[in-house]
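Chemist: Got a sequence here, can you build the structure:
(one chain, ligands or ions: 1)
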Amino acid sequence: MARKLAAGNWKMNGTGGNLTELQALAGQDLPNSVDILICPPATLLSRAAALAGGIAIGGQDCHAVASGAHTGDISADMLRDAGATYVILGHSERRTDHGETSETVRAKAEAAIAAGLCAVICIGETLEERETGQTLSVVERQLAGSLPDVTTAANTVVAYEPVWAIGTGKVPTLEQIGEVHTALRRAVEHRFGAAGSDIPLLYGGSVKPSNAAEIFAVPNVDGALVGGASLKAADFGAIIAALAAS
Ligand SMILES: O=C(CO)COP(=O)(O)O
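Modeler: Here you go, the predicted model:
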């Protein structure tokens, strides 16, 4: 059985003042049965880690090498040093904005795992790919290409985020989510054996307090990667509660 994880991705949102939301979340009566993660912008990592209490802190990207002449980039070791224990890799916004391929994501995941971070590896189809019946082949190809051979249930989380559902308010049907998550579970069990049964599979894309419970009831959905609704402690707290109750 995979552990349950509620993960928040603040993306490029937030300055010091927004840490009051993290503080408010940390002050809630949070369930022990759910792992909770917030990934703020890199500029807030150290400050977030200092006040997060039992909430884990993660980066939103890292470089594939440990150090060197890579202006503007951040290494996995630097994330660790700032207090992160997770890092999101291969988010569709990075695949699109920065041309990241699954090969790039895999190299970053190897670096992250070597540095002791847990990699949250994102995959997902575009609307065009869904409408042309390519969803399963696309996500299976991204999964195979992005996950390193050293993947275990302790060092890797997979997040299925349909690109067309991100920030749009559009959500796949529960059947569509279930179809993809079942295929992903099969694929990780095929490749990693028993460990594949324990790799958390998150759904991401317009998860809100109002739809969280039904999404968490879908088989093989072990949690969520939440964008907009993770910015407010009240909303993210409600999503965490829905996951704990699932
Ligand atoms: O991209 C996402 C999380 O990584 C999802 O974003 P939204 O929850 O805002 O749709």
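
Chemist: Every contact and neighbour count from this point should use C-alpha atoms.
Modeler: Will do.

Chemist: Do me a favour and average the pLDDT over whichever strand or helix holds residue 20.
Modeler: Assigned by DSSP states H and E, residue 20 belongs to helix 19-26. Averaged across helix 19-26, the pLDDT comes to 98.

Chemist: Next to the ligand, which bits of the chain? Give me the list.
Modeler: Applying Cα under 6 Å from any ligand atom, we find that the chain lies next to the ligand at 9, 166, 167, 204, 205, 206, 207, 225, 226, 227, 228, 229.

Chemist: rerun that using 5 Å as the cut-off
Modeler: 166, 167, 205, 206, 225, 226, 227, 228 (Cα under 5 Å from any ligand atom).

Chemist: Which ones among these map onto strands?
Modeler: Secondary structure assignment by DSSP state E places 225, 226 of these in strands.

Chemist: sorry, back to before: which neighbouring elements make contact with the helix holding residue 20?
Modeler: helix 45-51, helix 233-245 (3 or more Cα pairs under 8 Å, 6 or more residues apart in numbering; DSSP states H and E).

Chemist: Can you tell me what sits against it?
Modeler: Contacts with helix 19-26, where a contact means Cα atoms under 8 Å, 6 or more residues apart in numbering, come from 48, 51, 52, 53, 54, 55, 231, 232, 233, 234, 236, 237.

Chemist: Run the chain-centre distance for it.
Modeler: Chain-centre distance of helix 19-26: 20 Å, with Cα atoms, centre = their mean, to the nearest Å.

Chemist: for stretch 157-177, same thing?
Modeler: 12 Å.

Chemist: which element is residue 88 on?
Modeler: Going by DSSP H and E, residue 88 is in strand 86-89.

Chemist: Tell me the helix or strand right after that strand.
Modeler: Heading C-terminal from strand 86-89, the first helix or strand you meet, by DSSP H and E, is helix 92-97.

Chemist: what is the mean pLDDT for that next one?
Modeler: Helix 92-97 comes out at a mean pLDDT of 97.

Chemist: can you give me the strands for this structure?
Modeler: Counting by DSSP E, the segments of the chain that form strands are 4-9, 34-39, 56-59, 86-89, 118-123, 156-160, 201-204, 223-226.

Chemist: Neighbouring strands - and their directions - for the fourth one?
Modeler: Sheet pairing for strand 86-89, assigned by DSSP bridges, gives strand 56-59 (parallel), strand 118-123 (parallel).

Chemist: could I get the longest helix along the chain in PDB with only the CA atoms?
Modeler: Criterion DSSP state H: the longest helix present in the chain is helix 174-192. Output of helix 174-192 as PDB, limited to C-alpha atoms (Å, rounded to 0.1, in the frame of the first residue of the first chain):
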ATOM      1  CA  LEU A 174     -13.200   9.700 -12.400                       C
ATOM      2  CA  GLU A 175     -13.200   6.900 -15.000                       C
ATOM      3  CA  GLN A 176     -10.500   8.700 -16.900                       C
ATOM      4  CA  ILE A 177      -8.400   9.300 -13.800                       C
ATOM      5  CA  GLY A 178      -8.900   5.600 -12.800                       C
ATOM      6  CA  GLU A 179      -7.900   4.300 -16.200                       C
ATOM      7  CA  VAL A 180      -4.600   6.200 -16.200                       C
ATOM      8  CA  HIS A 181      -3.700   5.500 -12.500                       C
ATOM      9  CA  THR A 182      -4.400   1.700 -13.000                       C
ATOM     10  CA  ALA A 183      -2.100   1.800 -16.100                       C
ATOM     11  CA  LEU A 184       0.600   3.600 -14.100                       C
ATOM     12  CA  ARG A 185       0.300   1.200 -11.200                       C
ATOM     13  CA  ARG A 186       0.700  -1.800 -13.600                       C
ATOM     14  CA  ALA A 187       3.700  -0.100 -15.300                       C
ATOM     15  CA  VAL A 188       5.600   0.600 -12.000                       C
ATOM     16  CA  GLU A 189       4.800  -2.900 -10.700                       C
ATOM     17  CA  HIS A 190       6.100  -4.400 -13.900                       C
ATOM     18  CA  ARG A 191       9.300  -2.400 -13.800                       C
ATOM     19  CA  PHE A 192      10.000  -2.300 -10.100                       C
END
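
Chemist: I appreciate the help and will end here.
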